[in-house]
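S.K.: model the following, please.
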Amino acid sequence: AEAARQADVPARIATVRALATEIESAARGHALTGEPRHAAAHAAARASLEQALVSLERAAVPESATGGDLARLRGLVADQLAITDALVA
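M.R.: Purely as a prediction, here's the structure:
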């Protein structure tokens, strides 16, 4: 069961990456146009990203080297969200 869970990690990382790109795109769209639909897309992708990160953390084995990697990823995501949140605000 643990091996199957670990096998899902690359797909979950890809989901996190795709959502991060979606968040950036929506924030840029809002900054350029001011259209509310971009702010709504940003908020929706932001919520999905949090769920994807939790899912990734559950799939990874905390005792392995991925634990530190996940902490760094969380920090990078937090930095990115601070930037995109400022663009949307």
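S.K.: where exactly do the helices run in the protein?
M.R.: 2-7, 9-33, 36-59, 66-88 (DSSP state H).
S.K.: could you export these as CSV, including mean pLDDT and mean neighbour count?
M.R.: C-betas here are computed from N, CA, C, even on glycine. Converted to CSV, those look like this (pLDDT from 0 to 100; neighbours: other Cβ atoms under 10 Å):
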stretch, mean pLDDT, mean neighbour count
helix 2-7, 68, 10
helix 9-33, 95, 16
helix 36-59, 94, 16
helix 66-88, 90, 14
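S.K.: ok, now which ones touch the most centrally placed residue in the chain?
M.R.: Central residue of the chain (Cα atoms, centre = their mean): residue 49, 3.7 Å from the mean position. Residues near residue 49 by Cβ atoms under 8 Å, 6 or more residues apart in numbering: 16, 19-20, 23, 77, 81.
S.K.: try 7 Å
M.R.: 16, 19-20, 23, 77 (Cβ atoms under 7 Å, 6 or more residues apart in numbering).
S.K.: pick the one among those residues closest to residue 85.
M.R.: The shortest gap between residue 85 and any of the contacts of residue 49 belongs to residue 23, at 9.4 Å (Cβ to Cβ).
S.K.: which residue, other than its chain neighbours, is closest to that closest one?
M.R.: residue 45 (4.6 Å; Cβ to Cβ, 6 or more residues apart in numbering).
S.K.: measure the one you found to residue 30 for me?
M.R.: 12 Å (Cβ to Cβ, to the nearest Å).
S.K.: equivalent analysis for residue 43, please.
M.R.: Look at residue 43 and residue 30: by Cβ to Cβ, they are 10 Å apart.
S.K.: kindly report the same for residue 81.
M.R.: Residue 81 is 14 Å from residue 30, by Cβ to Cβ.
S.K.: that concludes my questions; thank you for your assistance.
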